[in-house]
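In: Turn this into a model:
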Amino acid sequence: QVQLVESGGGLVQAGGSLRLSCAASGRTFSMYIMGWFRQDSGKERDFVAGIDWSGDRPMYANSVKGRFTVSRDNAKNTVYLQMNSLKPEDTAIYYCAATRRRLSPESPSYDYWGQGTQVIVAS
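Out: Residues are numbered from 1 along each chain as shown. Presented below is the predicted three-dimensional model:
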């Protein structure tokens with residue numbers, strides 16, 4: 001099992017940047033594929049970005065391509081989401097998730113979830 005704790009959310013002006021972190025417990029973090037999802041109130045949970053074990057093949061939702069960057073530091077058991085050029089429509093609770101199966105944009109593919117961190121982008 002792995003426990004996930006997100007941090008780094010907050011209030012930012014449109015055009016600004018934030019970096020989210022997701023710290024994982026356990027000694028097998030490098031074996032997990034990690035994903036970032038987001039959910040705004042009343043909406044479905046949407047895929048944002050994902051990264052495989054090595055970090056060489058990230059995956060992004062079209063809505064964030066060119067603005068967000070996912071990365072991981074296996075030595076620190078942490079995955080990051082660098083968010084630049086933020087827009088009001090990026091406002092949501094951001095969740096990190098882990099799986100040992102495959103990199104996927106589908107939330108049911110992930111077995112472990114953090115509690116989320118709120119991001120608010122003011123216009």
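In: Secondary structure element holding Arg102?
Out: Per DSSP states H and E: Arg102 is located in neither a helix nor a strand.
In: list the contacts for it?
Out: Ile33, Ser109 (CB atoms under 8 Å, 6 or more residues apart in numbering). Any C-beta I mention is one placed from the backbone N, CA and C, and that applies to glycine too.
In: thinking Ala23 is in contact with Asp73, fair?
Out: No - with contact defined as CB atoms under 8 Å, Ala23 does not reach Asp73; the gap is 10.2 Å.
In: Point out where the chain drops to low pLDDT.
Out: Applying pLDDT under 70 to the chain flags no residue at all.
In: With adjacent residues omitted, what lies nearest to the residue nearest the centre of the chain?
Out: Central residue of the chain (CA atoms, centre = their mean): Trp36, 2.5 Å from the mean position. Using CB to CB, 6 or more residues apart in numbering and skipping the chain neighbours, the partner closest in space to Trp36 is Val48 (4.3 Å).
In: So the one you found lies in a strand, does it not?
Out: Yes - according to DSSP: H, G, I helix; E, B strand; the rest coil, the state of Val48 is that of a strand.
In: Verify the stated contact: it with Tyr60.
Out: Yes - assessed by CB under 8 Å, Val48 is found in contact with Tyr60 at 7.4 Å.
In: if we can go back for a sec, and the residue nearest to the centre of the chain, what element?
Out: strand 33-39.
In: With neighbour numbers in mind, choose between Val48 and Tyr60.
Out: Comparing Val48 with Tyr60 by other CB atoms under 10 Å, the one with more neighbours is Val48, at 25 against 19.
In: How about the contacts made by that one?
Out: Here Val48 is in contact with Gly35, Trp36, Phe37, Arg38, Tyr60, Ala61, Val64, Phe68, Leu81, Tyr94 (CB under 8 Å, 6+ apart).
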